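Novice: how would this look folded up:
(one chain, ligands or ions: 1)
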Amino acid sequence: MKSFLNVSNKKFHCPRCGNINIVEYDKSVECPLCSKEFSKEDLEHLNDEDVLSLEEKKAFLDIFGDKDIYD
Ligand SMILES: [Zn+2]
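Specialist: Predicted coordinates for the structure are as follows:
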């Protein structure tokens, strides 16, 4: 079982499909194949399967009423 996780902190890939041709923003990256955006911080600190897209995280946070993190 090979993982992409040993890639150094410079290059990001999509945690869902493994695509490395992703759009890199200041604090996040977006996978054009999945149409999902992920926090770079999450990608650096979490295993792929634990990374939630920003959309998913926002939905999650909405449930708990804590919306401060994204502004
Ligand atoms: Zn993807």
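Novice: Outside of stretch 13-21 itself, list whatever touches it.
Specialist: If you take C-beta atoms under 8 Å, 6 or more residues apart in numbering as the criterion, stretch 13-21 is touched by 4, 7, 11-12, 22, 29, 31-34, 36, 38, 43, 48-49, 51, 53. C-betas here are computed from N, CA, C, even on glycine.
Novice: From the residues you listed, keep the buried residues only.
Specialist: Neighbour-count burial (16 or more other C-beta atoms under 10 Å) applied to these gives 12, 22, 29, 31, 36, 38, 43, 48, 51, 53.
Novice: How about the fourth one: what's its closest non-neighbour residue?
Specialist: Sequence neighbours aside, Cys14 is the residue nearest to Cys31 in space, at 3.7 Å (criterion: C-beta to C-beta, 6 or more residues apart in numbering).
Novice: where's that neighbour, which helix or strand?
Specialist: Cys14 belongs to no helix or strand when elements are defined using DSSP states H and E.
Novice: What is the neighbour count of it?
Specialist: Cys14: 23 surrounding residues under other C-beta atoms under 10 Å.
Novice: Could I get the phi/psi values of it?
Specialist: Backbone geometry at Cys14, expressed as degrees, to the nearest 10, gives phi -70, psi 130.
Novice: Quick check: Leu43 is in a helix.
Specialist: Yes: the assignment for Leu43 by DSSP: H, G, I helix; E, B strand; the rest coil puts it in a helix.
Novice: Please name the residues that touch the residue positioned nearest the centre of the chain.
Specialist: The centre of the chain sits closest to Phe38, judged by C-alpha atoms, centre = their mean, with a distance of 2.5 Å. Neighbouring residues of Phe38 by C-beta under 8 Å, 6+ apart: 12, 14-15, 28-31, 51-54.
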